[in-house]
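[1] dropping a prediction and its sequence here:
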Amino acid sequence: MQPIQTGKRTGRRGRAGLGLDPRGAAFVCLMASCAALFTACSPERAVPPVKMATTTSVANTGLLDDLLLKFKQDTGIEVQFVAVGTGKALKHGENGDVDVVLVHAPEAEQEFVAARFGIERVTVMWNDFVIAGPGEDPAGIRGAGSASEAMRRIHASGATFISRGDESGTHKKEMEIWKAAGLVPAGPGYIEAGQGMEACLVMAAEKRAYVLTDRGSLLARPDLDLDIVDAGDPLLLNPYSLILVNPERYPDTNGKGAQRLSEWLQSPRGQEAIAAYESNGNKLFHPIASYPGGPAPEPPAGR
């Protein structure tokens, strides 16, 4: 491509003494102004990176990388994230360390918003929890009929159970099921790992143990010798919500970028991206419009 000619040399020197025709100098100024305007309007420069705290289940499945790549392609906005348990993710929000959280513990989320740490909570997708374990099913939980009955059988049999033990959304759900079963988990077979979901799945496979997991995390690791031995209880439904950190509490929060991310995830483009994502031929998450019982799940009143 030929370089742009900015002016011609003439017998007379230009106004600035640089040998440019005045019309050429004006063209250079015009081009410089346009370049400055383009730079100022560039999405990357207009909105700084969004900081997110989210859960290991969203990150380890590869879903988040896929969604954030599409979001950046559409908006030019980068999202930087840390993947931890829901409890720690919400704590990052409480401390103002991030701009937005994506988590899956409805009761804790409502408390977070009620305390004015977060605003504009929207549920954007869902999957479900399952109890995974060895195919031989030593506790006989297949056909238990409910998650709480499955836990009673595991407890009564003395079989090994791996708990996240980390205040994550999965751990909170586990405690909810134990409570529904009327039991307090204890004993030599109950192991609190204090680890993320993937690490707990690996541990369960190694120890031939049971573990509560979101379905997506399990399907993302087909190499592990674990079967789904209990599923389908409505108690095991697992919605994920995005919450903006309150900019009134933390004025330095990137509220504009967080709002753009929230709008994108709720848009047809974002919801289609969630629906389309697969790992090993399996759909790991579903758009919120397909949530059983309605699009905006909430925990039961009084809980």
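    Structure's in. What do you need? Numbering: from 1, shown residues only.

[2] give the burial count for residue 186, as a bare number.
    Residue 186 has 8 neighbours, counted by other CB atoms under 10 Å. To be clear about C-beta, it is placed using only N, CA and C from the backbone, and glycine gets the same treatment.

[3] how close does it sit to residue 236?
    Applying CB to CB, to the nearest Å, the value for residue 186 to residue 236 is 23 Å.

[4] then residue 112?
    Applying CB to CB to residue 112 and residue 236 gives a distance of 23 Å.

[5] same thing with residue 262?
    Taking CB to CB, one finds residue 262 at 26 Å from residue 236.

[6] low-confidence ranges, the protein, go.
    By pLDDT under 70, the weakly predicted segments of the chain are 1-46, 293-303.

[7] max-length strand in it?
    Counting by DSSP state E, the longest strand found in the chain is strand 118-133.

[8] strand partners (parallel or antiparallel) of that strand?
    strand 210-214 (antiparallel), strand 227-230 (antiparallel), strand 237-245 (antiparallel), strand 286-287 (antiparallel) (DSSP bridges).

[9] which of the residues in that strand are buried?
    Of the residues in strand 118-133, 118-119, 121, 123-133 count as buried by neighbour count, 16 or more other CB atoms under 10 Å.

[10] now for those residues: which two are most distant?
    119 and 133 (40.1 Å; CB to CB).

[11] before we move on, the earlier item: what's the closest of the buried residues of strand 118-133 to residue 281?
    residue 127 (15.7 Å).

[12] ok, that closest one - contacts?
    Listed by CB atoms under 8 Å, 6 or more residues apart in numbering, the contact partners of residue 127 are 214, 215, 216, 238, 240, 284, 285, 286.

[13] which among these end up buried?
    Among the contacts of residue 127, those buried by neighbour count (16+ other CB under 10 Å) are 214, 215, 216, 238, 240, 284, 285, 286.

[14] how about the strands in the stretch 51-200 of the chain?
    79-84, 100-103, 118-133, 161-163, 190-192 (DSSP state E, counting those that start in this stretch).

[15] will you turn these into a markdown table that also has distance to residue 246?
    Listed next are these as a markdown table, based on distance: least, CB to CB, whole Å:
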| stretch | distance to residue 246 |
| --- | --- |
| strand 79-84 | 19 |
| strand 100-103 | 11 |
| strand 118-133 | 5 |
| strand 161-163 | 32 |
| strand 190-192 | 32 |
